[in-house]
Structures are given as structure tokens and as C-alpha cells.
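Student: For reference, the sequence and a predicted model appear below.
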Amino acid sequence: MRFFMQLSYEDSGVSIARGEEFVSKIKKKVQSTYSHHVHAGVGGFACLYKISDDRFLSAGTDGVGTKVLLAQKFDDHSSIGIDLVAMCVNDILCTGALPMFFMDYIACSSLDIERSSSIIDGIVEGCLQSGCVLIGGETAEMPGLYKSNEYDLAGFAVGEVQANNLLDGSKVREGDYIVSIPSSGAHSNGFSLLRKIFKNDEQRLKSLLKPTRIYINDLKDILSNTELSGLAHITGGGIHNISRINSNFSYQIDSWPDINGSSYQEHCGDIFSALSSNGSISREEQFSTFNMGVGMVAISKEPEQLLSIPGSMVIGRVISGSGRVIF
């Protein structure tokens, strides 16, 4: 009989707990800069800044993590810009906001014009998909900090939401339905662990460059529906992101899409069935690190409109509690 140690995200060098500890440590320092305009700051999916009695700006920033190493490995930079936009605009969508504009930051050892142009092509495509303008950006050459051919990306998105459409967790009620919306695969999270698990499978690694799904067109008409009470972008932390909607409730998950089913694999491919059958990572670790086929979760007391989105399904209900996701 052969025994082996199962891997965790921390084994790959990433500690979600350490990240949470850091946020907790800096929270008071950050809040010391706040004015009465700040409606929601550090700790949410995106930040909310009140600009009038009935209007808020929503802002978010993110990168693509070590997925960028796969783009470099395979010299394929065509879709990494879509990922960058998606990670930012999907976050501000969780406040009920639609993105207005986007800015990018590209850091590298030395500027490769063709490669950088390909990255920008992806960013432009992501902005077109999400209905926002690429208003500007910054490129920084830093030889000595980055090795030859290395680069990293960051993005910044700003959107607007009317007060009556604001999603800040206050609309959540016990008994609301929890609805899953499919991902397009691993999106842009957990890649340090994915690269470790599939390090000997070049074809699998290359398939992971599939871009992150942008949910703006799926949800923009639903945002004005007052029955929508919350959205959670399922990124790092996996299923536990749901509790970030409102930690004064808990979230009972009763079912999950069949990641082995052909209809679901049309959306997200077979990465999660491959991950589950690999055996090197526990089920608990899978659901606390990856989106496992669900890129966005919506909360509503009347889910019919959400269920018109292809592949969506009711996976549970909001219950009384204190911020737990019970699966």
C-alpha cells in the first residue's frame, strides 16, 4: 500500500490565513484615513465611496497571480489581459456597480513591444466585454528587479452604482436562495498550487490559460432587480467568499454542480474533475482554494431571473448564523 501527503495551498507558498492576518493588522491604519464619504473599505469585494445622496463610486484593484508565469512559460500573452480586467470588474460588480473605466500597470525587466502589445490587446478585449473604457495606464521597466522576459500586471477598475441598486449585504435575509453561476475554469486563482499539482502535464498547464469569465453582461439587467440581495465573486478562498456578502448570516450549501457532467464542462472544462481525480489535494482544500466550477454566487429571495443564466442553479439557502459557509 502506498501512502502520500496531500498538498495544500500553503504547501505551494501561499497562505490565505497570513493574508487575512495582514488585513486585520492594517485595517485600523487604513481606516484612519477615511472620511464620511467611505461607505465600504478594506475587507469587501470592492470599496464604496459616496459621492452624493444617491450615487456611489465602486473601486477595485487586482492582478492575475502566478497565472502570469504560465503566459510566460508558453509565450502566450493573448488572454492574460482579459484575466486582469475580469478580476477587477467582477469584484466591483459585487457592489451592484457597472464599471466605467479601467487602468493597467505593467512592470517588466525591459519593454518587449510585441509582448506588451499582445497584453494590451487582451485588456482591450476585457474592457469591451465589460463595457468600460481603458482610460490609461503605466508601464515600468525595472531591470534588476525582474529577470529577463519576466513581467507582472495590476489593474484598477472604477464603477458607479445608484443607492437603490447598491449591494452591501444589508438586503440579505434568512431564507434567501443561493444561486451558482458557472466559471470558465480556474479563472486566476490558486495557480501556485495548480502549477505544483500539474507540473509534469504540459497540455494541462497550457489549458489553464483559458481566460476568466466576465459576468457583466450576465448580470447587468438583473442588477436593477431589487430582489437581488448579494453577489460573491469566487476567487482566493473558494466557497468561503460567500460569507463576505454579510457575516451576520450563515450560508447552507445543499448541492453543487456536477463538475464531471458534460453540460457543466462546456462552461469550465474538465480542470476540476481532473483536480478531484488527481488525489493530491483534499476535497476541503479544493473548495477553499478554487472556484470548483462556480465563478459567481448570487443571493436572492426570487431567483427565477438568475436561473435564466445558462448553467446557473440553486445550491442552498441563507440561514441564521455568524458568517459560516456550511457545505
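Tutor: Done, it's in.
Student: Can you name the residues that contact Ser312?
Tutor: 179-182, 306 (CB atoms under 8 Å, 6 or more residues apart in numbering). The C-beta positions use only the backbone N, C-alpha and C, and glycine is treated the same way.
Student: Scan those residues and report the most crowded one.
Tutor: Highest neighbour count within the contacts of Ser312, by other CB atoms under 10 Å: Ser180, with 28 neighbours.
Student: How about that residue: what's its closest non-neighbour residue?
Tutor: Val294 (4.3 Å; CB to CB, 6 or more residues apart in numbering).
Student: thinking again about what came up before, just give me the closest of the contacts of Ser312 to Gly230.
Tutor: Distance to Gly230, by CB to CB, is smallest for Val179 among these, at 10.4 Å.
Student: What strand or helix carries that closest one?
Tutor: strand 177-182 (DSSP states H and E).
Student: strands paired with that strand, and their directions?
Tutor: strand 294-300 (antiparallel), strand 313-320 (antiparallel) (DSSP bridges).
Student: Just say which of these is most tucked in.
Tutor: strand 294-300 (a mean of 27; mean count of other CB atoms under 10 Å).
Student: who touches it?
Tutor: Contacts for strand 294-300 (CB under 8 Å, 6+ apart): 90, 93, 172, 176-184, 187, 212-213, 215, 218-219, 222, 225, 227-234, 239, 241-242, 245, 256-257, 306, 315, 318.
Student: I'd like the distance from it to the chain centre, please.
Tutor: 12 Å (CA atoms, centre = their mean, to the nearest Å).
Student: rewinding a little: just flag the most distant two among the contacts of Ser312.
Tutor: Pro182 and Leu306 (12.3 Å).
Student: Which parts of stretch 97-115 count as buried, going by neighbours?
Tutor: 97-100, 102-109, 115 (16 or more other CB atoms under 10 Å).
Student: what do you get for stretch 270-283?
Tutor: For stretch 270-283, the neighbour count (16+ other CB under 10 Å) marks 270-273, 275, 281 as buried.
Student: Excluding chain neighbours, give the residue nearest to the residue nearest the centre of the chain in space.
Tutor: The residue lying closest to the centre of the chain (CA atoms, centre = their mean) is Thr235, at 3.8 Å. The shortest distance from Thr235 to any non-neighbouring residue, by CB to CB, 6+ apart, is to Asn189 (4.8 Å).
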